[in-house]
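Visitor: Mind folding the following:
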Amino acid sequence: MSYNILLCGVGGQGTVLASKLLAAAAEKKGETVHSAETIGMAQRGGPVTSHVRIGKDAYSPLIPKGKADLIIAFEPSEAVRNLDFLKKGGAVITNEICLKPVTESLNPTGYDGKEMIDYLTKIIDNLAVINADELCKELGSSKFFNVAVLGVAKGAGFLPFSEEDLLTTIETSVKANFVEVNKKAFLHGVEVGNGFGKK
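Guide: Residues are numbered from 1 along each chain as shown. The predicted structure follows:
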């Protein structure tokens with residue numbers, strides 16, 4: 001197997017946990033995995049980018065430009081900012097809800113994420129746009145988006161793992177009192193993801 005996944009968002013959205021679940025799922029299948037995070041000012045709402053590279057052909061933890069099979073974006077502007085990593089024919093899953101940077105409150109530009117979504121819709125064939133609040137409504141909190149969006153990716157056919165692989169990884173990687181709600185989040189995401197992409 002050779003597969004590259006880039007996850008991007010801002011600090012506090014759970015991109016690092018999502019990347020760790022993907023890496024752990026690949027390891028459980030006996031695959032070679034490299035992963036890395038570029039965090040910067042994440043604790044202050046800055047960008048976070050996680051790279052997950054699966055397969056023996058990956059000699060570096062960082063995905064080269066134009067080599068990502070899948071981008072999972074927790075914020076639409078981060079999806080656009082990282083498009084250079086996507087390979088031709090690659091897939092993008094993005095949250096449509098924007099998280100406005102601090103600079104927006106200091107100098108309002110009217111940024112609401114819509115322009116980013118419109119741009120992605122025009123140029124990406126394999127695109128799934130997800131509203132985190134709607135996806136996680138029945139879970140009681142959008143903080144479960146990071147696991148639910150992995151379910152969306154699986155349901156859409158964008159992940160090289162089985163449901164069982166990922167559910168088992170959730171069971172062994174998430175704190176015990178959060179296992180069941182995260183499994184529910186993942187399975188709900190799979191159901192939603194069935195309406196997108198490759199089958």
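Visitor: Residue 195 belongs to a helix, doesn't it?
Guide: No: with DSSP: H, G, I helix; E, B strand; the rest coil as the criterion, residue 195 is assigned coil and is not in a helix.
Visitor: so where is this structure shaky, pLDDT-wise?
Guide: Flagging of the chain using pLDDT under 70 yields the residue ranges 39-45, 100-106, 197-199.
Visitor: All the helices of it, residue numbers only.
Guide: All helices of the chain, identified by DSSP state H, fall at 15-28, 76-81, 102-106, 114-123, 132-135, 145-155, 163-173, 179-193.
Visitor: any idea which of the ones you listed is most buried?
Guide: Scoring these by mean neighbour count under mean count of other CB atoms under 10 Å gives helix 145-155 as the most buried, with a mean of 27. (Glycine included, C-beta is placed from N, CA and C.)
Visitor: Just the CA trace of it, in PDB.
Guide: C-alpha atoms of helix 145-155 as PDB (Å, rounded to 0.1, in the frame of the first residue of the first chain):
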ATOM      1  CA  PHE A 145     -15.900  16.200  14.300                       C
ATOM      2  CA  ASN A 146     -12.300  14.900  14.200                       C
ATOM      3  CA  VAL A 147     -13.500  11.300  14.600                       C
ATOM      4  CA  ALA A 148     -16.800  11.700  12.700                       C
ATOM      5  CA  VAL A 149     -14.900  13.100   9.600                       C
ATOM      6  CA  LEU A 150     -12.800  10.000   9.500                       C
ATOM      7  CA  GLY A 151     -16.000   8.100   9.200                       C
ATOM      8  CA  VAL A 152     -17.100  10.400   6.400                       C
ATOM      9  CA  ALA A 153     -13.800   9.600   4.600                       C
ATOM     10  CA  LYS A 154     -14.300   5.900   5.100                       C
ATOM     11  CA  GLY A 155     -17.900   6.000   3.900                       C
END
